[in-house]
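Student: coords please:
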Amino acid sequence: MNILQINASIQGENSHSTHIANDITTRLRALHPDAKLTLRDVGSEPLPVLDPSALAALFTPADKRTPEQAARAAQYDVPIAELQAADVLVLGVPMYNLAIPVQLKGWIDAISRAGVTFRYTATGPEGLLTGKKVYVGFSRGGFYRDTPLDTQTPYLKVILGFLGMTDVQFVYGEGFAMGDEAVRKAEAEVRTQIEALKG
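Tutor: Down below sits the predicted model:
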């Protein structure tokens, strides 16, 4: 098993979402001792923002790219290759202003490429990253699950499904900004959810 873990928090090891993602990965590796892990921390090392120069590089055939365009395209080729090689994807996702972090959106933009990770067909778009299991570890300061304010869950379901990843399981950690007792309760609930993972 190849596990790809993406940490999206800008708080490093102080991040609840990073701890949740780490614990999910630890659980999976306990279930699959031979699993190999690739870790990408886009919170501390974000990918370049998709901009006009990146689009020009990506839409230029590989054999016609300038050296600068080839280098720019390679910045997006690497995370795509990591994801293609993964059997399992683990995302550590904090909530920032009711949305996913811009750093995670940058990673999604980097790995969403027509003809590579999805394609357009006569019957609509088709995701090409099939056969993967995805675990999403959320951390939130308040309580948003199953409310209209949870924009993260539906968005990630849609974009991951668009790319072919439809087997998605969510682990929710909520209430981390609501005081010590709420934090202890959140941590206990997270542990229960992770212990229930079958891998």
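
Student: Would you map the strands across this structure?
Tutor: Remark: strands assigned in the chain by DSSP state E are 2-7, 36-41, 88-94, 118-121, 124-127, 133-140, 167-174.

Student: the bottom helix or strand of this structure by mean pLDDT?
Tutor: helix 52-58 (a mean of 93; mean pLDDT, DSSP states H and E).

Student: hmm, who's touching that helix?
Tutor: 48, 65, 68-70, 72-73, 75-76, 113 (Cβ atoms under 8 Å, 6 or more residues apart in numbering). Where C-beta positions appear, they are placed from N, C-alpha and C, glycine not excepted.

Student: Apply 6 Å and report the result again.
Tutor: Contacts to helix 52-58, defined as Cβ atoms under 6 Å, 6 or more residues apart in numbering, come from residues 69, 72-73.

Student: in the protein, what residue sits furthest out from the centroid?
Tutor: Residue farthest from the centre of the chain, counting by Cα atoms, centre = their mean, is Lys64 at 31.6 Å.

Student: can you give me how far the least confident helix or strand of the chain is from the chain middle?
Tutor: Offset of helix 52-58 from its chain centre (Cα atoms, centre = their mean, to the nearest Å): 23 Å.

Student: Show me which residues of that helix are buried.
Tutor: Buried residues in helix 52-58, counted by 16 or more other Cβ atoms under 10 Å: 54, 57-58.

Student: Likewise for stretch 188-199?
Tutor: Going by neighbour count (16+ other Cβ under 10 Å), the buried part of stretch 188-199 is 190, 193-194, 197.

Student: Closest to Gly131 out of those residues?
Tutor: Distances from Gly131 to the buried residues of stretch 188-199, taken as Cβ to Cβ, are shortest for Leu197 (18.4 Å).

Student: pretty sure the closest one is touching Arg27, no?
Tutor: Yes. If you go by Cβ atoms under 6 Å, Leu197 and Arg27 touch, sitting 5.4 Å apart.

Student: Contact partners for Ser167?
Tutor: In this structure residue 167 is Asp, not Ser. Lys133.

Student: any idea how far Leu50 is from it?
Tutor: Distance of Asp167 to Leu50, given as Cβ to Cβ, to the nearest Å: 27 Å.

Student: repeat for Asn97
Tutor: Asn97 is 20 Å from Leu50, by Cβ to Cβ.

Student: higher neighbour count, these two?
Tutor: Taking neighbours as other Cβ atoms under 10 Å, Asn97 and Leu50 compare with Leu50 leading, 16 against 8.

Student: quick one, what contacts that one?
Tutor: Residues near Leu50 by Cβ under 6 Å, 6+ apart: Asp109.

Student: try it again with 8 Å
Tutor: By Cβ under 8 Å, 6+ apart, the contact list for Leu50 reads 106, 109-110.

Student: Now render the residues you listed as a markdown table, adding pLDDT.
Tutor: Below are the contacts of Leu50 laid out as a markdown table (pLDDT from 0 to 100):
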| residue | pLDDT |
| --- | --- |
| Gly106 | 96 |
| Asp109 | 96 |
| Ala110 | 95 |
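
Student: if we can go back for a sec, which one (most neighbours) among the contacts of helix 52-58?
Tutor: Arg72 (21 neighbours).
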